[in-house]
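1. sequence plus the predicted model coming up.
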Amino acid sequence: MKPETESPALTMTGIKSACDKAPAGPKKDAALRHYRAAEKARTAKKHTEMNKELGAAKQALA
């Protein structure tokens, strides 16, 4: 069983929060673009694609 901190909903919440707190600029724009793609993938139940996009969003903010 996975720890609760690895659940997709919590990951999406954490990434969304980080995007919201990030200063305006190209990094935030890129992260939000990946986050929106992750939301679409989640809705379509494409979990691999969702995780890829969440990782890209996290990387964009780094």
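-> Looks like it came in fine. All of these numbers come straight from a predicted model, not from anything done at the bench. Numbering: from 1, shown residues only.
2. could you use CA atoms for every contact and neighbour count after this?
-> OK.
3. contact partners of the strand or helix carrying Glu49?
-> Secondary structure from DSSP states H and E places Glu49 in helix 47-61. In this structure, residues lying in contact with helix 47-61 by CA atoms under 8 Å, 6 or more residues apart in numbering are 11-12, 15, 18-19, 22, 27-28, 30-35, 37-42.
4. starting at the chain centroid, how far to that helix?
-> How far helix 47-61 lies from its chain's middle: 5 Å, per CA atoms, centre = their mean, to the nearest Å.
5. cool, stretch 43-51 as well?
-> So, by CA atoms, centre = their mean, the centroid of stretch 43-51 is 11 Å from its chain's centroid.
6. for that stretch, list the C-alpha coordinates in CSV.
-> Listed next in CSV are the C-alpha coordinates belonging to stretch 43-51 (Å, rounded to 0.1, in the frame of the first residue of the first chain):
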residue,chain,number,x,y,z
THR,A,43,-10.1,13.2,-16.1
ALA,A,44,-9.3,10.8,-19.0
LYS,A,45,-7.9,8.2,-16.5
LYS,A,46,-4.5,8.3,-18.1
HIS,A,47,-2.5,8.0,-15.0
THR,A,48,0.9,7.6,-16.6
GLU,A,49,0.5,10.8,-18.6
MET,A,50,-0.8,12.6,-15.5
ASN,A,51,2.3,11.6,-13.5
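7. biggest helix in this structure by residues?
-> helix 26-43 (DSSP state H).
8. what's that helix packed up against?
-> helix 8-21, helix 47-61 (3 or more CA pairs under 8 Å, 6 or more residues apart in numbering; DSSP states H and E).
9. centre of the chain to it, how far?
-> Taking mean C-alpha positions (CA atoms, centre = their mean), helix 26-43 and its chain are 6 Å apart.
10. check what pLDDT Thr11 gets.
-> Looking at Thr11, its pLDDT reads 85.
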